[in-house]
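Engineer: When you get a sec, could you give me coordinates for this:
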Amino acid sequence: AALTVRFLTRRFIGEYGDMEFIYSHNLTVDGREILFHIWDVPNSQEQAEEGSSEEKRIQWADSFVLVYSICDRASFNILPLKIQFIKAAKEGQSQEKVPIVIVGNKRDLHHQRVVSSEEGRLLALSLDCGFYEVSAAE
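Structural biologist: From the prediction side, this is the model:
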């Protein structure tokens, strides 16, 4: 949620509850107006829900940004399964590759890092995804 709010407002808010939100946002990219609809789902909520809710979100979306904390190994370890689930649901319907980006967040907390940048890059490469490491705080 912090990364989504930072993208939308350019402000950092550090604490969020486990709430699900859908945001709409216009942005000009290369001279074109782009309308984003962002369905922000906290990971703890996703794990507690049935697969049908997650499948609904996957069918709704055109692309995916999966965020993990570089300070939380568990948030990183669930990514391969989530990406396989997304690809099976989306690419099974068409021959087009579904755009997926893996984002390691909390780069500013390097002293608490438990997932290396190289691990993130290698995972993204092995799953044919994009990769970035960022800090919502910075």
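
Engineer: Which helix or strand lies directly C-terminal to the helix or strand of the chain with the lowest mean pLDDT?
Structural biologist: Every helix and strand of the chain was ranked by mean pLDDT, DSSP states H and E. The lowest is helix 43-48, at a mean of 49. Downstream of helix 43-48, the next assigned helix or strand under DSSP states H and E is helix 51-60.

Engineer: can you give me the strands in the chain?
Structural biologist: 21-29, 32-40, 64-69, 100-105, 130-133 (DSSP state E).

Engineer: Can you name every helix or strand that the shortest one contacts?
Structural biologist: Read it as strand 130-133. If contacts are counted by 3 or more C-beta pairs under 8 Å, 6 or more residues apart in numbering; DSSP states H and E, strand 130-133 sits against strand 100-105, helix 117-126. All C-beta spots, glycine's among them, are computed from the backbone N, C-alpha and C.

Engineer: Deepest-packed of the ones you listed, please.
Structural biologist: strand 100-105 (a mean of 21; mean count of other C-beta atoms under 10 Å).

Engineer: Adjacent strands (with direction) for it?
Structural biologist: Looking at strand 100-105 with DSSP bridges, its partner strands are strand 64-69 (parallel), strand 130-133 (parallel).

Engineer: what's it in contact with?
Structural biologist: 2-3, 63-70, 76, 79, 83, 86-87, 115, 117, 120, 123-124, 127, 129-136 (C-beta atoms under 8 Å, 6 or more residues apart in numbering).
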